[in-house]
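[1] model the following, please.
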Amino acid sequence: MAMHQVFVYGTLKKGQPNHYLMNDPSRGVARFISEGLTVQRFPLVIASRNHIPCVLNEEGSGNVELQPSSEIVTVHGYIIHDFLPELLHLPFHSKYDAFGDHGLDYVLPKDSVVNNSSFAEIKMNFNKELL
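    Here you go, the predicted structure:
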């Protein structure tokens with residue numbers, strides 16, 4: 001199986017609520033490589049009622065000082081392309097910690113997985129029939 005280096009910026013990082021998923025062999029394999037910093041700026045926001053950290057596909061947006069930094073691992077990854085435009089009005093963050101000084105503690109969904117209502121608050125083309 002091919003491995004890819006990805007930038008992990010949120011609840012999957014070491015010490016965060018969903019890091020256990022990175023070490024679950026039933027979900028695949030992940031290996032920490034190093035700390036990292038994006039070359040280009042992307043907005044990192046905290047969105048939805050679950051306070052989910054999201055990197056938005058809006059290259060160059062935000063302040064230079066708020067360029068996301070986090071961990072580089074080998075695994076599969078994600079970035080949100082079809083986000084709701086109003087998310088760009090949320091504060092941008094340079095790093096994420098589930099219990100950080102932003103005051104938006106991560107709320108683990110009841111079913112231990114990000115549920116459809118959280119995605120409906122983030123994604124522009126979310127199928128509302130899935131709620």
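[2] which stretches of this structure have low pLDDT?
    Scanning the chain for pLDDT under 70 picks out the ranges 1-2, 62-80, 109-131.
[3] now do the helices in this structure.
    Ranges of helices within the chain are 116-120, based on DSSP state H.
[4] and the strands in it?
    Here the chain has its strands, by DSSP state E, at 5-8, 31-37, 44-47, 52-55, 69-74.
[5] quick one: those strands as a markdown table, columns for mean neighbour count and distance to Pro85 too.
    Heads up, the C-betas are built off the backbone N, CA and C, glycines and all. Shown next, in a markdown table, are these (neighbours: other Cβ atoms under 10 Å; distance: least, Cβ to Cβ, whole Å):
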| stretch | mean neighbour count | distance to Pro85 |
| --- | --- | --- |
| strand 5-8 | 18 | 23 |
| strand 31-37 | 12 | 26 |
| strand 44-47 | 22 | 12 |
| strand 52-55 | 22 | 13 |
| strand 69-74 | 18 | 25 |
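[6] out of these, the one nearest Glu86 is which?
    The closest of the strands of the chain to Glu86 is strand 44-47. By Cβ to Cβ, the value is 9.3 Å.
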